[in-house]
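>>> Sequence and computational prediction follow.
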Amino acid sequence: RFCLGQSRAEPPMVNYRCLLAIVPWESSQCDCSSKLWQGLKKEVFFLGEACCPTHVCVLLPDPSHTTCLTEACIIVAGKILEALDREINPCDDFYQYACGGWIKRNPLPDGRSKWSTFNSIWDQNQAIMKHLLENATFNSSSEAERKTQRYYLSCLKEQKIEELGSQPLMELIEKIGGWNITGPWNQSNFMEVLKLVSGTYRASPFFTVFVGADSKSSNSNIIQLDQSGLFLPSRDYYLNKTANEKVLAAYLDYMVELGMLLGGARASTEEQMQQVLDLETELANLTVPQDERRDDEKIYHKLNIAGLQVLAPAIDWLDFISYFLSPLELTEAEPVVVYGREYLQQVSQLINNTNKSVLNNYMIWNLVQKTASSLDQRFEAAQEKLLETLYGTKKSCTPRWQTCISNTDDTLGFALGALFVKATFDRHSKEIAEDMIAEIRTAFEESLDHLDWMDEKTKQAAKEKADSIYDMIGFPEFILDDKELDDVYDGYEVSEDSFFQNMLNFYNFSARFMADQLRKPPNRDQWSMTPQTVNAYYLPTKNGIVFPAGILQAPFYAHNHPKALNFGGIGVVMGHELTHAFDDQGREYDKEGNLRPWWQNSSLEAFKNRTACMTEQYNKYLVNGEHVNGKQTLGENIADNGGLKAAYNAYKVWLKKNGEEKRLPSVDLTSHQLFFLGFAQVWCSVRTPESSHEGLVTDPHSPDKFRVIGTLSNSRDFVEHFKCPVGSLMNPGKHCEVW
């Protein structure tokens, strides 16, 4: 609404453009005749109630009709302006320019080690799910949805959880055969404990076993084994003792505290937990670093259970895997894919050379740390102390309901997703997203024609692969069919009165579910993310990309936002996931999702030269004096760079078809510049130094700042539209480009 003098009117909005920034309105006078208005002698657009606005925007006539003055445009313009730091030259540091204001206005919330757009949207999604599950009139025709509510309510019953204390876990330990830390234990049952801890309760001491699509025959599922068994986020925390002294001390304190809460005496618990930590350190030493495991061809080893027995004789593999996949009947001829051959060989030797008491303590510790979060406040307080040291989080102020929504999402995520989708998801968004993916795929394929480093045969195969990428948007259809949804969770027992038991039942249920997959072909429509998740992914064995409903919202996408922001937001995410099909790992898989060589040697060499440029570029970036690992982050960096280029090219095609967009009020940027700004502002974030360190060590993505700076400084289009001089941070003169 507008105020003209003392009257209110609705003038034609297209005739005005915003001259000044949208600013908070602080006048106590809700009166259009106040001296302030008289002094302005201009028309004023209100956000909020007429003459009692939350914000005001000073307007001047806009005879050229080039400014978008819809409510959505004005609101998004305000958000963009608030996030900017306009004292920074965009060419000096585009991340600070795009996000400096956002960083100032978003101090890290208590209990968080990182805060970003993703966290903010997830919080909103959680609030919606809370409302749905706590609704007094909750009445679902789906048993799976009713289980979801029962599970959530069992998590909320803190008084019941407090009354039970450590008893549920102590009873479980006794059932398994005891624990030397808290009492007598059965010294002759190594295999029995390993089977229960790994199979029934889904912990992963020593190694992890799972059923999934065979990388070299993606139409069939196969048993797979890989390295695992460390509690801390990475091997680096155990091996780089000087840098991580505080973390190791806090971890040992945590181990001791949990041991004592479960009945252990301090002195013996300290001694035995130190032995467990020493064993984990030996496992860390055997664990192959992430950045050395990026070539799937090299680490894929297919053998059978008999061959596995020869490789790692400390485990009775037929007995172990048969229990794991019960009731299936297996023989020694059953094929298995091993992703850590040398690791398993060395772990077998380590098991044979380690005292049985230490092995048992370590296996039960794996179970304890997996289940402790379902116990009373003492366990939660112990964990918070460790998290404070590990991630720099202040004491958590996370309300119990948020913790319970996250737990419910982990357990019954697709049933929870059914409620979320029915309440929030606009089917029209799915169609728009599908159209955008088609436009970005076309732009990516067309850019292949301009690659001078790729031979024609490989180029044609790449186009066919891009054309075959299977996209899934919003949610899997089965969740809206009560019978299909109920069938997925059939056999999972959930009671409103026992949160701990619900969790144990889920581990057991998920083990049975996995066993059931072995003799079936992989389900192409099975998702690895729940619909409410604020993320997206590419799966090489399916050659598929998935965009859950959770991410199809502002600032990534909104139907009434300028297309520049939609292409810069969700468009770049789409381009990113599509480019994963051609990163250093994804490119090893063909259009059917099979791991096989399909590149000509000359193109492969040229690809490696180009990716080496990117590895070197990102290696130079520093966070708190620590270098980014350009090798570990290579796949994501390739996807960021390729995704930005494909989305921008698609946006240019859209502009050619539809003409220039109207500008946002007060945002003095062209639509091309707005595209790049929209991309950058998606990555505004703050995090603790400890969390930044953890990210550098474990995350395959570059830190958010360098996802922006690295990608944009490689973009010739960005440099052109912001006129960045050669030698500036955003135009170093050398552009690393793969796709």
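Sure thing, it's come through. It should be emphasised that the depicted structure is a prediction, and the values quoted were computed from it without experimental measurement.
>>> Only C-alpha atoms from now on, for both contacts and neighbour counts.
Noted.
>>> Within the helices and strands, which one has Ala267?
Per DSSP states H and E, Ala267 falls inside helix 266-286.
>>> what's the answer for Val337, then?
Assigned by DSSP H and E, Val337 falls in strand 335-338.
>>> If you average the pLDDT over the next helix or strand after that strand, what comes out?
In the C-terminal direction, the helix or strand that comes right after strand 335-338 (DSSP H and E) is helix 341-352. Per-residue pLDDT over helix 341-352 has a mean of 97.
>>> if we can go back for a sec, which elements pack onto the strand holding Val337?
In terms of contacts (3 or more CA pairs under 8 Å, 6 or more residues apart in numbering; DSSP states H and E), strand 335-338 is packed against strand 217-227, strand 301-304.
>>> quick one: which of those strands is nearest Phe500?
Phe500 lies closest to strand 217-227 among those, at 27.9 Å (CA to CA).
>>> Counting by contacts, list what the closest one packs against.
Counting contacts by 3+ CA pairs under 8 Å, 6+ apart, strand 217-227 packs against strand 207-214, strand 335-338.
>>> Need the winner for burial among these.
strand 335-338 (a mean of 22; mean count of other CA atoms under 10 Å).
>>> and that one, which strands flank it?
strand 217-227 (parallel), strand 301-304 (antiparallel) (DSSP bridges).
>>> what's near enough to touch Ile128?
For Ile128, the contacting residues are Phe420, by CA atoms under 8 Å, 6 or more residues apart in numbering.
>>> ok, now how distant is it from Leu419?
10 Å (CA to CA, to the nearest Å).
>>> Can you tell me how far Pro90 is from Asn566?
Pro90 is 21 Å from Asn566, by CA to CA.
>>> Also Met363?
In this view, Met363 and Asn566 are 49 Å apart by CA to CA.
>>> Settle it for me: which of these two has more neighbours?
Asn566 (26 against 23; other CA atoms under 10 Å).
>>> who's in contact with that one?
Pro555, Phe556, Tyr557, Ala558, Gly678.
>>> from these, which single one is nearest Ser217?
Phe556 (35.5 Å).
>>> give me phi/psi at the closest one?
Backbone torsions for Phe556, taken as degrees, to the nearest 10, come to phi -70, psi -40.
>>> dump the residue contacts of it.
Applying CA under 8 Å, 6+ apart to Phe556 gives the contacts Leu565, Asn566, Gly568, Gly569, Ile570, Val682.
>>> And for Gln369?
Gln369 neighbours (CA under 8 Å, 6+ apart): none.
>>> What's the local residue count around Gln66?
Check again: residue 66 is Thr, not Gln. Neighbours of Thr66 under the rule other CA under 10 Å: 17.
>>> contacting residues around it?
Counting by CA under 8 Å, 6+ apart, Thr66 has contacts Lys662, Arg663.
>>> Look at it and report its pLDDT.
For Thr66, pLDDT reads 85.
>>> And it, how far from Thr670?
Distance from Thr66 to Thr670, by CA to CA: 11 Å.
>>> any residues in contact with both of these two?
Arg663.
>>> Could you list the domains of the protein?
Split into domains by automatic domain parsing, the chain comes to 1-65, 72-107+426-471+554-712, 111-165+376-424+477-522, 168-370.
>>> thinking again about what came up before, tell me what the helix holding Ala267 is packed against?
Packed against helix 266-286 by the contact rule (3+ CA pairs under 8 Å, 6+ apart) you find helix 235-239, helix 245-261, helix 341-352, helix 356-371.
>>> Right, I'll call it a day here.
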